[in-house]
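Novice: Based on what follows, work out the 3D shape:
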Amino acid sequence: MYMNRNTDYLKKLLEQEKKTFSTSDLAVLWGIENENTLLITIQRYLKREILYSVQRGLYSTVPLDKLNLYEVGCAVAGPSAYISGETILQKNGVMVQNLEKITLFGYKQKEFRVADQEYLCRYLNPRYLLNRAGIVENNTYSEASLERAVVDLGHLNPSYFFDNQLAINKTKIKSLKRKIGYK
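Specialist: Sure, this is the predicted structure:
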């Protein structure tokens, strides 16, 4: 029986801007419907170090130490997850503590580690999670604006204390709360 080998898999993989792929992403990218064929192809690419295992069912085209930490966090946390919370507050000077974990919002509450980086994903109701107001969509991951991070944390904990209150635009906060549907 003659089998037509698809030699474009590598080309298709390396043309992608994002560097992390789930098993289902690879199946769609390569157009493979047979699960066994897909798993064998992935195993061969892992052995040849074309793909690197991030965790079960998640792969990268670059070694873990060269991956964008935000991209990895969003890939592991799942669809629609985005960087938010204390990570964004610290980045914008609203929080002065030095944090070890990168914080995200997603469909599931979980803590995880990839390589040497720790992550904390907080659960956010899909009604709010899917509302992308105040979310900056980068090519490979999503990140909350400062205002979105403030309203997300305020929604989860109304008595949350922000170190640098002057960096927060209260008018933008009120407007964004209405857009998202937070009370």
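Novice: which helices and strands does the longest helix seen in the chain pack with?
Specialist: In the chain, taking DSSP state H as the definition, the longest helix is helix 35-47. Packing contacts for helix 35-47, counted by 3 or more CB pairs under 8 Å, 6 or more residues apart in numbering; DSSP states H and E, involve helix 9-15, helix 23-30, strand 58-60. Backbone N, C-alpha and C define where each C-beta goes, glycine included.
Novice: can you give me how far the shortest one is from the chain middle?
Specialist: On the basis of CA atoms, centre = their mean, to the nearest Å, the separation between the geometric centre of strand 58-60 and that of its chain is 13 Å.
Novice: Give the pairing partners of it; include direction for each.
Specialist: strand 20-22 (antiparallel), strand 52-55 (antiparallel) (DSSP bridges).
Novice: by contact count, what packs against the next helix or strand after that strand?
Specialist: Once strand 58-60 ends, the next helix or strand along the chain (criterion: DSSP states H and E) is helix 69-77. Counting contacts by 3+ CB pairs under 8 Å, 6+ apart, helix 69-77 is packed against strand 20-22, strand 52-55, strand 58-60, strand 82-83, strand 101-106, strand 110-114, strand 117-123.
Novice: Out of the ones you listed, flag the one nearest residue 94.
Specialist: strand 101-106 (13.1 Å; CB to CB).
Novice: In three-state terms, label residue 160 for me.
Specialist: coil (DSSP: H, G, I helix; E, B strand; the rest coil).
Novice: Can I get the host helix or strand of residue 178 in PDB, CA atoms only?
Specialist: If you go by DSSP H and E, residue 178 is part of helix 170-180. This file holds the C-alpha atoms of helix 170-180, laid out as PDB (Å, rounded to 0.1, in the frame of the first residue of the first chain):
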ATOM      1  CA  LYS A 170     -10.900  56.000  38.500                       C
ATOM      2  CA  THR A 171     -12.900  57.400  35.500                       C
ATOM      3  CA  LYS A 172     -11.500  54.600  33.300                       C
ATOM      4  CA  ILE A 173     -12.200  52.000  36.000                       C
ATOM      5  CA  LYS A 174     -15.900  53.000  36.300                       C
ATOM      6  CA  SER A 175     -16.400  52.900  32.500                       C
ATOM      7  CA  LEU A 176     -14.600  49.600  32.200                       C
ATOM      8  CA  LYS A 177     -16.700  48.000  35.000                       C
ATOM      9  CA  ARG A 178     -19.900  48.900  33.200                       C
ATOM     10  CA  LYS A 179     -18.600  47.500  29.800                       C
ATOM     11  CA  ILE A 180     -17.600  44.200  31.500                       C
END
